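Below: sequence and its predicted model.
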Amino acid sequence: MEMPEEYVKANAMPRRDVLDIIEEFSSELSQIQDKCIDIGSGPGDITKDLLLPLLPHDVEVCTSYFTGADISQAMVNYARKNNSNERLSYIVLDIEGKMPNEQIGQYDYAMSFYCLHWPYDLSRAFENIFKLLRPNEKALVMFLGSHCLFEANVRLSQNPRYEFYLQDAHRYVSYFQRKMCKNMRASLRKMLEDIGFEILHCSKREKSSQYNNQQSLKNQILPVNPFLTRMPDDIKGEFMDNLISEILSQDTVSTPFESKNNELILKYYLLIAHVKKPQSAT
């Protein structure tokens, strides 16, 4: 997750899923005003290309803008260089850590797409989103509930060849997949309600992504693998080959036999929540 250039080249799936959510919530999002934050903005391309244009054009720049926030300094540096403008800035922010006082209660809208499957303590992350919002304001989030990539990493952590580099593989499994929740949607809803959010929408959706071949799959998962930067160069290629093999061994992957190109289809689940911080909250 320290390879912004590679991530931008390989983020077709996140862009597609974000576009679907934008279309679904377009009426709501077109009313956004004042100060907004995109949590997990990464290299900033989705923030700039897809989210920033949602703001009404007649809103004054000085009072309406997005702040992109990401835990990775490399991602923030790339975003500042390639995807900034007068209405868009980027900060380093750990959504699972202690919120800086200057950020608390500063935002009228919070968004997060393809980020919240990474925090180990998801409840803490949502508590921080609650803190970032002003009373009576809203948040829209979408993240992976489960994906075969997480399980593949865990399996490889048991391989003596890679166990040293993947000692904390369970730390990088989506919260509800790690907890083996039978009803992820109900568990998410309860978590949000316990924090104090009013639930406007909460759903779990099965999705799929299609790849022309194994190399195209490898190109997509390489920039988001948290373990590669720990490994010496001479085993990275071998590790990625074994990771692909582990993914393909799972029953969430299918290969359409009628396809001349031997295309691969991966199933995964998304969780979507649209929530509101009550007016009475402090």
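Structure received.

hey, which helix is longest across the protein?
The single longest helix within the chain, with elements called by DSSP state H, is helix 233-248.

Give me the next element, helix or strand, following that one.
Going down the chain from helix 233-248, the next helix or strand is strand 253-254, by DSSP states H and E.

who's in contact with the helix or strand where Lys218 lies?
Here Lys218 is covered by helix 214-221, with elements defined by DSSP H and E. Contacts of helix 214-221 from elsewhere in the structure, counted by CB atoms under 8 Å, 6 or more residues apart in numbering, are 6, 9-13, 149, 209, 211, 240, 243-244, 247-248, 264, 266. Glycine gets a C-beta too; all of them are placed from N, C-alpha and C.

right, and out of those, which lies closest to Ile32?
Proximity to Ile32 was ranked across the contacts of helix 214-221 by CB to CB; first place goes to Asn11, at 22.7 Å.

show me the contacts for Phe143.
Ser112, Phe113, Tyr114, Cys115, Leu116, His117, Ser174, Leu270, Leu271.

And Val275, by the same measure?
Remark: with contacts taken as CB under 8 Å, 6+ apart, Val275 is in contact with Lys138, Ala139, Val141, Leu192, Phe197, Glu198, Ile199, Leu200.

When you filter the residues you listed down to buried only, what's left?
Of all the contacts of Val275 considered here, the ones buried according to neighbour count by 16 or more other CB atoms under 10 Å are Lys138, Ala139, Val141, Leu192, Phe197.

Now do the residue nearest to the last one when sequence neighbours are not counted against Ala12, distance only.
Distances taken as CB to CB, 6 or more residues apart in numbering place Val275 nearest to Phe197, at 4.0 Å, with adjacent residues excluded. When CB to CB, to the nearest Å is the yardstick, Val275 and Ala12 sit 28 Å from each other.

ok so, going back, buried residues in the helix holding Lys218, which are they?
Neighbour counts using 16+ other CB under 10 Å place Leu217, Lys218, Asn219, Gln220, Ile221 of helix 214-221 among the buried residues.

Many thanks, have a good one.
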